[in-house]
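Visitor: What would the 3D arrangement of this be:
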Amino acid sequence: MMVQKKTTRATGFGRVLIAIYAILALAATARSVYQIIEQFHEAPLAYSLSALSGLVYIVATIALVVPGRRSYAVAWATITFELVGVLFVGLMSIVDPSVFVPSSKYAHSDHSTVWSYFGIGYGFVPLLLPIVGMIWLRYTRPGGPHATAQAEAGRSGRAVGA
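Guide: Next up is the predicted model:
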């Protein structure tokens, strides 16, 4: 009988992290589709950033699920990009919010993105998630102590730490 190996990123806490990424991917993508269809002319940059954030969350979710070094590298790149995006958009939405709304005609409307004001509309999850994701990736790096312990436990049929 052949035993299938699980990626350490998709076990335990990793499952919760992946679920949060999947929910955020769905929320950000749905929000951006609505914004682009209904209001794109009001704030094209803001709504394009919403679409980009949705794409980033989709790629990060897939990269966290798929085992292997390549997916691990993609997860790192995506989550790093996500953190930079949240910090940049969050800072710009405080320093100069007019960047996201080109016309004062629409200034009264809410043109927030998922990353606006560091993700305040999502309970700051967009700010915290990449930090937690990076810690998790560091903890579960291929060939790292956690991955090695899990692989050995899988071969012996016992739980890690048992």
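
Visitor: Please count neighbours and contacts with C-alpha atoms only from this point.
Guide: Will do.

Visitor: Distance-wise, check the residue most central in space within the chain relative to residue 98.
Guide: Taking C-alpha atoms, centre = their mean, the centroid of the chain lies closest to residue 57, which sits 4.1 Å from it. Plainly put, residue 57 is 26 Å away from residue 98 if you go by C-alpha to C-alpha, to the nearest Å.

Visitor: go on, residue 46?
Guide: Residue 46 is 10 Å from residue 98, by C-alpha to C-alpha.

Visitor: Same question for residue 56.
Guide: Here the distance between residue 56 and residue 98 works out to 24 Å (C-alpha to C-alpha).

Visitor: just residue 13 next, same as before
Guide: From residue 13 to residue 98 the distance is 39 Å (C-alpha to C-alpha).

Visitor: rewinding a little: look up the closest residue to the residue nearest to the centre of the chain, ignoring the ones flanking it.
Guide: Nearest residue to residue 57, sequence neighbours excluded (C-alpha to C-alpha, 6 or more residues apart in numbering): residue 25, at 4.6 Å.

Visitor: repeat for residue 126
Guide: Per C-alpha to C-alpha, 6+ apart, closest to residue 126 is residue 119, 5.2 Å.

Visitor: To what extent is that neighbour buried, counted in neighbours?
Guide: Residues lying near residue 119 (other C-alpha atoms under 10 Å) number 20.

Visitor: quick one: it and residue 130 touch, right?
Guide: No - between residue 119 and residue 130 there is no contact under C-alpha atoms under 8 Å: 11.8 Å.

Visitor: Give me the contact list for whichever strand or helix holds residue 131.
Guide: If you go by DSSP states H and E, residue 131 is part of helix 125-139. Residues from elsewhere that reach helix 125-139 (C-alpha atoms under 8 Å, 6 or more residues apart in numbering): 9, 14, 17, 72, 76, 79-80, 82-83, 86-87, 114-115, 118-119, 146.
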